[in-house]
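>>> Please work out how this folds:
(one chain, ligands or ions: 2)
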Amino acid sequence: MIKVAPSILSADLANLARDVEEIRAACADYVHFDVMDGAFVPNISMGVPVLASLRKATDMFLDAHLMVDRPVRYVEQFCKAGADLVNVHVEADTPENISAALEKIRACGKKTGVTLKPGTPAEAVLPWLEQVDLVLVMTVEPGFGGQRFMADMLPKIRAIRGWIEERGLACELEVDGGVDAETAPLCIQAGANVLVAGSAVFGKPDRAAAIRAIRGAE
Ligand code: DX5
Ligand code: ZN
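Ligands and ions are numbered 1, 2, ... in the order given. Just a heads-up that it's a prediction; the model follows:
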């Protein structure tokens, strides 16, 4: 089953609860929550207080994508604020601290994810592949919505899907960046099962039709 995770980076943040209710009614699967610290990426978005407020407004699955340096410092706060899954970049700290971050997330009873930037090889996921619930492959440089999909990331998606299958893991494989009705089928073909889409959902007047088009249902 293909899951669609609209990124609220492209939502109307002054009407966040309304926009999230709209995608819930449109059968979106996850809410993708982009956290940017102005250091790991050259942009600042939103953080713990916004996630805590959103948690009160919806029962949807909250997928927190931390584009943050040394995320081990913050993962517990995001878990306590109500994230269902917390995703950390493998480039954001030492391997020891990434493992410590994942352990903290698990200790809070939440799902774990690791994310790879475009320049990071697929193999970088291997130390964590058997212990995480989700791997996220970035198909744009993290930091901004509305960028062009990098088709040269498809072999990376294919390689990681192969390893998940070989090992018989339940791990989900998510893609993020430039995903729309045209690029989604390429991601699905390569083995992704969770598709993040910001501008391709919230940039369209009919969000339900946009989600159906990305899922491949029309
Ligand atoms: C980019 C973020 C994405 C972004 C995707 O750094 O991680 O989640 O919102 O936006 P689109 O779908 O417009 O590329
Ligand atoms: Zn994201």
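
>>> Three-state assignment for Leu169, please.
The three-state label for Leu169, taken from DSSP: H, G, I helix; E, B strand; the rest coil, comes out as coil.

>>> Please name the nearest non-neighbouring residue to it.
Glu130 (6.5 Å; C-beta to C-beta, 6 or more residues apart in numbering). For the C-beta atoms, the positions are set from N, CA and C on the backbone; glycine is no exception.

>>> what's the neighbour count on the one you found?
Per other C-beta atoms under 10 Å, the neighbour tally for Glu130 reads 11.

>>> Please, which helix or strand holds it?
Following DSSP states H and E, there is no helix or strand that holds Glu130.

>>> That one contacts Ala170, doesn't it?
No: counting by C-beta atoms under 8 Å, Glu130 stays clear of Ala170, with 10.5 Å between them.

>>> mind checking how far the residue nearest to Leu169 is from Phe149?
Plainly put, Glu130 is 29 Å away from Phe149 if you go by C-beta to C-beta, to the nearest Å.

>>> Looking at the residue in the chain that ligand 2 sits nearest to now. What's its pLDDT?
Nearest residue of the chain to ligand 2 (C-beta to the ion) works out as His65 at 3.8 Å. pLDDT for His65: 99.

>>> Got the phi and psi for the residue nearest to Leu169?
Phi and psi for Glu130, reported as degrees, to the nearest 10, are phi -80, psi -10.

>>> which ones are touching whichever residue of the chain sits closest to ligand 1?
In the chain, the residue that lies nearest ligand 1 is Gly198 (3.0 Å; C-beta to the nearest ligand atom). By C-beta atoms under 8 Å, 6 or more residues apart in numbering, the residues touching Gly198 are 6-10, 32, 34, 145-146.

>>> Now list the buried members of those.
With neighbours counted using 16 or more other C-beta atoms under 10 Å, the contacts of Gly198 contain these buried positions: 6-10, 32, 34, 145.

>>> so how far is the first residue of stretch 66-75 from its last?
9 Å (C-alpha to C-alpha, to the nearest Å).

>>> buried sites along it?
Within stretch 66-75, the residues scored as buried using 16+ other C-beta under 10 Å are 66-72, 74-75.

>>> near ligand 1, which of those residues show up?
Contacts with ligand 1 are made by none of those, judged by C-beta under 6 Å from any ligand atom.
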